[in-house]
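Novice: Here is my input; please provide its structure:
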Amino acid sequence: MILGLDGIDPTLCRKLMDEGRLPNLSSLADSGTFKPLGTTTPPVSPVAWSSFMTGCNPGRHAIYDFFTRDPRTYLPVLTSTKISGVEKFFKLGKLRIPRGKPSIRLLRRSKPFWTTLGEQGVMSTVIRVPITFPPDKFNGLMLSGMC
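Specialist: All right, here's what the predicted structure looks like:
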């Protein structure tokens with residue numbers, strides 16, 4: 001089991017564990033391993049989590065930040081997911097009801113380790129890991145995380 005805590009300071013966490021102020025985390029660390037994990041450049045959540053799950057740097061997985069800008073409109077867009085709207089609608093008075101569903105595509109280019117495990121017959125359960133929407137198809141269960 002891997003437990004990742006986004007944005008936690010491992011030095012402060014270790015200090016609080018040693019003081020007895022984080023007894024449950026101390027118990028987990030005593031029965032397993034507690035190690036600080038290096039980060040990425042830039043050190044922001046989507047980049048770091050994408051590197052963690054794929055083992056690749058940002059140049060390979062193509063996640064560089066939370067947002068980028070649309071060069072046509074300069075509006076912010078997510079860097080991890082492309083959501084294309086529905087083109088056809090039913091008109092009902094002032095209402096427009098979509099005919100179909102939007103297209104949602106994950107933009108992360110590298111394969112996460114749970115997909116590789118699944119290819120080898122190892123089932124995984126992935127809960128709330130950032131940058132996992134839409135969920136990957138793999139041998140296991142996933143509850144997607146942010147973005």
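Novice: Just confirm M17 is within a helix.
Specialist: Yes: looking at M17 with DSSP: H, G, I helix; E, B strand; the rest coil, it is inside a helix.
Novice: any idea how far it lies from K35?
Specialist: Distance, M17 to K35, using CB to CB, to the nearest Å: 13 Å. All C-beta atoms are positioned from the backbone trio N, CA, C, and that covers glycine.
Novice: between these two, who's got more neighbours?
Specialist: Shown here are M17 and K35; by other CB atoms under 10 Å, M17 has more neighbours (19 against 8).
Novice: wait, the more buried one sits on L25?
Specialist: Yes: counting by CB atoms under 8 Å, L25 is a contact partner of M17 at 5.8 Å.
Novice: so who does R21 touch?
Specialist: Residues near R21 by CB atoms under 8 Å, 6 or more residues apart in numbering: none.
Novice: Then it would be within a helix, right?
Specialist: No: counting by three-state DSSP, R21 falls outside a helix, being coil.
Novice: gap between it and G118?
Specialist: According to CB to CB, R21 and G118 sit 38 Å apart.
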